[in-house]
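Q: Provided below are the primary sequence and the corresponding predicted coordinates.
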Amino acid sequence: MRRSIIAVLTTLLVVAAIGAAAVAGGNGSTVTKARLERALPVVFANMYVQQAHLLGRTDINAASLKPQAMCDKHGPDVADVGPGGDWICLMSWTDPQVPMPSEGYGKFELNVHSNDCFTAAGPSKLTGFLTLTDKQGREVTNPLFEFDGCFDPATDDTPTGTTFPSVFAITSPSVTPDDQGLVSAQVTCGTGSQGCAGTITAMAGKTSLGVVPYRLKEEATARIPFPNALPAGTKEVSFQVTPATGYSSDSPVVLPVQKQ
């Protein structure tokens, strides 16, 4: 009898674990990309107006901000469904005193809970730090530094259609030639839509080290080698990115040459 009870309990535990894993994996979860893309801008706009009032500003309101969000959970190979601390949302808005960066948006990190609530933290260069000095000269908590929000699980779950380009960047601090004098560059492609593709031209003074195509998924990294050897005595290499998909700065990236 005892063995039967234990067997039944074990079966129930396995079934419960499978069910919990399915929910955690996103199956049947009310936490979705579309609901976050609708909820985050609303909460953000209200917090933004609170911050503006603390600073003595009356020139904006929640409607005038026109915020839009694109959300992603853990990269392109994971379904954009389910709770977790691996949600990234890109968001743009309109404030005459706080222009968007050249890529057109700010990056927010979200910890989303199974109760349909979330905690969001944005880029300090756009939203400010933990505290701010209000219009009366007092040091107060910045409502935009980190904020909480919730959404109704019964709300619209159709795609919002909001997209932003991934940012492609060269992240190497320097270049080191190998035994044949060849160099490479470490690159990344950030969160966004359709990944990154284009070409990189590497120059050592007036000497071309090659024009190399690249193609990366969102949130991917790679090392790109160049086919031509570095001239002896070269002290720096200039890289010019020409994107076809995604965003990259127009300015060349100049890196110092390090000896092996």
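A: On my side now, so go ahead. Numbers count the residues shown, from 1 in each chain.

Q: not counting residues beside it along the chain, what's closest to the residue nearest the centre of the chain?
A: The chain has residue 191 as the residue nearest its centroid, 4.4 Å off, counting by Cα atoms, centre = their mean. Leaving aside its chain neighbours, residue 191 sits nearest to residue 88 (4.6 Å; criterion: Cβ to Cβ, 6 or more residues apart in numbering). Placement of C-beta: from N, CA and C, glycine included.

Q: got a list of what the one you found touches?
A: 71-73, 107-110, 191 (Cβ atoms under 8 Å, 6 or more residues apart in numbering).

Q: reformat those as a markdown table; add distance to residue 166 and pLDDT.
A: Formatted as a markdown table, the contacts of residue 88 follow (distance: Cβ to Cβ, whole Å; pLDDT from 0 to 100):
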| residue | distance to residue 166 | pLDDT |
| --- | --- | --- |
| 71 | 14 | 98 |
| 72 | 10 | 97 |
| 73 | 15 | 97 |
| 107 | 11 | 97 |
| 108 | 16 | 98 |
| 109 | 16 | 98 |
| 110 | 18 | 98 |
| 191 | 7 | 96 |
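
Q: would a markdown table of these with distance to residue 164 be doable?
A: Output for the contacts of residue 88, formatted as a markdown table (distance: Cβ to Cβ, whole Å):
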| residue | distance to residue 164 |
| --- | --- |
| 71 | 10 |
| 72 | 10 |
| 73 | 16 |
| 107 | 10 |
| 108 | 12 |
| 109 | 15 |
| 110 | 15 |
| 191 | 8 |
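
Q: what's the helix or strand for the residue nearest to the centre of the chain?
A: According to DSSP states H and E, residue 191 maps onto no helix or strand at all.

Q: does it touch residue 74 like I think?
A: No: Residue 191 is beyond contact range of residue 74, at 10.0 Å (criterion: Cβ atoms under 8 Å).

Q: which stretches of the protein have low pLDDT?
A: For the chain, the stretches with pLDDT under 70 are 1-27.

Q: 90 instead?
A: 1-28, 259-260 (pLDDT under 90).

Q: pretty sure residue 133 is touching residue 139, no?
A: Yes: look at residue 133 against residue 139 with Cβ under 8 Å: they come within range, at 6.0 Å.

Q: so for these two, which residue has more residues nearby?
A: Set residue 133 next to residue 139 and count neighbours by other Cβ atoms under 10 Å: residue 133 wins out with 11 against 8.

Q: helix, strand or coil for the residue nearest to residue 191?
A: strand (DSSP: H, G, I helix; E, B strand; the rest coil).

Q: can you give me phi and psi for residue 240?
A: With angles defined as degrees, to the nearest 10, residue 240 sits at phi -120, psi 120.

Q: right, and it touches residue 201 too?
A: Yes: assessed by Cβ under 8 Å, residue 240 is found in contact with residue 201 at 4.6 Å.

Q: and the closest residue in space to residue 33 that isn't next to it in sequence, what is it in contact with?
A: Sequence neighbours aside, residue 80 is the residue nearest to residue 33 in space, at 3.7 Å (criterion: Cβ to Cβ, 6+ apart). Shown in contact with residue 80 (Cβ under 8 Å, 6+ apart): 26, 32-33, 71-73.

Q: so residue 47 is in which element?
A: helix 33-54.

Q: need the CA coordinates for that helix. PDB is fine.
A: What follows is helix 33-54, C-alpha atoms only, in PDB (Å, rounded to 0.1, in the frame of the first residue of the first chain):
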ATOM      1  CA  LYS A  33       6.100  40.200 -26.500                       C
ATOM      2  CA  ALA A  34       3.000  42.000 -27.700                       C
ATOM      3  CA  ARG A  35       1.600  42.600 -24.200                       C
ATOM      4  CA  LEU A  36       4.900  43.900 -23.000                       C
ATOM      5  CA  GLU A  37       5.200  46.200 -26.000                       C
ATOM      6  CA  ARG A  38       1.800  47.700 -25.200                       C
ATOM      7  CA  ALA A  39       2.300  47.900 -21.400                       C
ATOM      8  CA  LEU A  40       5.800  49.200 -21.100                       C
ATOM      9  CA  PRO A  41       5.300  52.500 -23.000                       C
ATOM     10  CA  VAL A  42       2.200  53.300 -20.900                       C
ATOM     11  CA  VAL A  43       4.000  52.800 -17.600                       C
ATOM     12  CA  PHE A  44       7.100  54.600 -18.900                       C
ATOM     13  CA  ALA A  45       5.200  57.600 -20.100                       C
ATOM     14  CA  ASN A  46       3.600  58.100 -16.700                       C
ATOM     15  CA  MET A  47       6.900  57.800 -14.900                       C
ATOM     16  CA  TYR A  48       8.500  60.200 -17.400                       C
ATOM     17  CA  VAL A  49       5.800  62.800 -16.700                       C
ATOM     18  CA  GLN A  50       6.400  62.300 -12.900                       C
ATOM     19  CA  GLN A  51      10.100  63.000 -13.400                       C
ATOM     20  CA  ALA A  52       9.400  66.000 -15.600                       C
ATOM     21  CA  HIS A  53       7.100  67.500 -12.900                       C
ATOM     22  CA  LEU A  54       9.900  67.000 -10.300                       C
END
